[in-house]
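*Asks:* Sequence and predicted structure below; questions after.
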Amino acid sequence: MPMKIDSVIARQRVDDLDAAIPFYERLTGRTADRFALAGVHLASVGSFLLFCGPDEAVQKVAGVSATLTVADLTAAVDEAVTAGATVVMPAQPTPNGHRAVLRHPHGGVYEYVGP
């Protein structure tokens, strides 16, 4: 059975996370979940991932077009690679699950997140 993407999370760099969060909470009707990773401050709000921080730290987050959530990360990575994607960062644990970063054959870079 082909891999299924359960949801797509849009990524948005913001200058001021505290100022941006209320807009996205109102837009989505969801409360922000805040966390930090490698010097970047992030907030997950509905289908949006907001982030800010020093340019050097943020470049790793900003280089990814979107986050794709999947039920089986290993199967999703294997299927994407078989279809022509390349692994930029192999699967590893994060504060909110496991993630891998892949470059699709047409150039887009995407984070895959799963349990």
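*Replies:* Sure thing, it's come through.
*Asks:* Which helix or strand contains the residue sitting nearest the centre point of the chain?
*Replies:* Ranked by distance to the mean C-alpha position of the chain (CA atoms, centre = their mean), the top residue is residue 67 at 3.3 Å. Assigned by DSSP states H and E, residue 67 falls within strand 66-70.
*Asks:* so what secondary structure elements neighbour that strand?
*Replies:* Packing partners of strand 66-70 (3 or more CB pairs under 8 Å, 6 or more residues apart in numbering; DSSP states H and E): strand 5-13, strand 109-114. (C-beta placed from N, C-alpha, C; glycine too.)
*Asks:* tell me the angle the helix or strand following the longest one makes with strand 5-13.
*Replies:* Counting by DSSP H and E, the next helix or strand C-terminal to strand 5-13 is helix 17-28. Counting by axes from the mean of the first three to the mean of the last three CA atoms, to 10 degrees, helix 17-28 points 140 degrees away from the direction of strand 5-13.
*Asks:* Please enumerate residues in contact with helix 17-28?
*Replies:* Contact partners of helix 17-28, identified using CB atoms under 8 Å, 6 or more residues apart in numbering, comprise 12, 14, 31-32, 34, 41-43, 45-48, 50-52.
*Asks:* please redo it, this time with the cut-off set to 7 Å
*Replies:* By CB atoms under 7 Å, 6 or more residues apart in numbering, the surrounding residues in contact with helix 17-28 are 14, 31, 32, 41, 43, 45, 46, 47, 48, 50, 52.
*Asks:* Can you give me the neighbour number for the first one?
*Replies:* Just to be clear, that refers to residue 14. Neighbours of residue 14 under the rule other CB atoms under 10 Å: 17.
*Asks:* Could you find the closest non-adjacent residue to it?
*Replies:* The shortest distance from residue 14 to any non-neighbouring residue, by CB to CB, 6 or more residues apart in numbering, is to residue 20 (4.0 Å).
*Asks:* From residue 98, how far off is that neighbour?
*Replies:* According to CB to CB, to the nearest Å, residue 20 stands 27 Å off from residue 98.
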